[in-house]
Structure formats: C-alpha cells, structure tokens
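# make a model of this:
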Amino acid sequence: MAAFLKLEDSPMFQKQVCSLESMADELKNRCQVLTEGSRKYIAALGEAYNADNSFAESLEAFGCGHDDPLSVSIGGPIMSKFISAFRELASYKELLFSQVDVIITMHLLPT
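Residues are numbered from 1 along each chain as shown. Below you'll find the predicted structure:
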C-alpha cells in the first residue's frame, strides 16, 4: 500500500479531467439559464392566459347580447364568434403553459 502513496496522475489524464470538469460547469450554467428563462416564459404564459380571458369577458359584457337591439346593432353576433376564437387561443396558451411546466419540472429541475 505504501507504493501507491506517491502515485500521481499523468499530465494527459489531469488535462482530460480538467477539460471534462470545465464542460460540466459550462453545461450546468447553460441549464440554469434555460431553467430561468423557462420559468419566466411560464409566468408570462399564465399572465397572458389571464389577460386573454379578462379581455374576452370585457368584450362579452360590451356587446354580446343576442336579444339586445343595441348589441345586435354594434355587431354582437359577429363579436361572439370573435370571442369564441379568442377564448380558444387562450386555451392553447393554457395548454402550452402546462406542457412547458411539465417539461421544466420533470426534465430540467433536479429531483
């Protein structure tokens, strides 16, 4: 056992270990940047979804009455189709929000 006390790594091995450690650190930094950007994106998607729904509710309150003559005169039936499409877009944002959240939670964050 005493013979192994003075054993040292070769310069080539030390260089390779240093290179691998450097690459691991770089990858860790890139993952941290990606995780932070993804969290911001998730937050923005959540806010956009809420804003879309709020806007759709406002449009609905403004002129979507089918029996109201004033609503019909300002394009209520057409506006209701627009609101429906707008809500569908909001639901796609919600789906994207949940999918990005799952990917970040399951694949990028350490357990």
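
# what's the longest helix in the protein?
For the chain, the helix with the greatest residue count under DSSP state H is helix 11-63.

# quick one: Asp25 from Pro77, how far?
Relative to Pro77, Asp25 is positioned 61 Å away (CB to CB, to the nearest Å). Where C-beta positions appear, they are placed from N, C-alpha and C, glycine not excepted.

# mean confidence for the longest helix of the chain?
Taken as a whole, helix 11-63 has an average pLDDT of 91.

# just stretch 75-82 next, same as before
83.

# quick one: contacts for the residue nearest the centre of the chain?
Geometric centre of the chain, nearest residue: Ile42, 3.4 Å, by CA atoms, centre = their mean. Applying CB atoms under 8 Å, 6 or more residues apart in numbering to Ile42 gives the contacts 97, 100-101, 104.

# what's the following helix or strand after the longest helix of the chain?
In the C-terminal direction, the helix or strand that comes right after helix 11-63 (DSSP states H and E) is helix 69-73.

# can you point out the buried residues in that next one?
The neighbour-count check on helix 69-73 (16 or more other CB atoms under 10 Å) flags Ser71 as buried.

# next helix or strand past that helix?
Using DSSP H and E, the helix or strand that follows helix 69-73 in sequence is helix 76-103.

# quick check: buried residues in that following helix?
Under 16+ other CB under 10 Å, the buried positions of helix 76-103 are 76, 79-80, 83, 86, 90, 93-94, 97, 101.

# for stretch 22-38, same thing?
So for stretch 22-38, counting by 16+ other CB under 10 Å, buried means Ser38.

# repeat for stretch 39-58
Quick answer for stretch 39-58 (16+ other CB under 10 Å): 42, 45, 48-49, 52-53, 56.

# ok, these vs Val17, which is closest?
When those are compared for distance to Val17 (CB to CB), Ile42 wins out at 37.0 Å.

# sorry, back to before: gap between the residue nearest to the centre of the chain and Ala24?
Per CB to CB, Ile42 is found 26 Å from Ala24.

# thanks a lot, see you next time.
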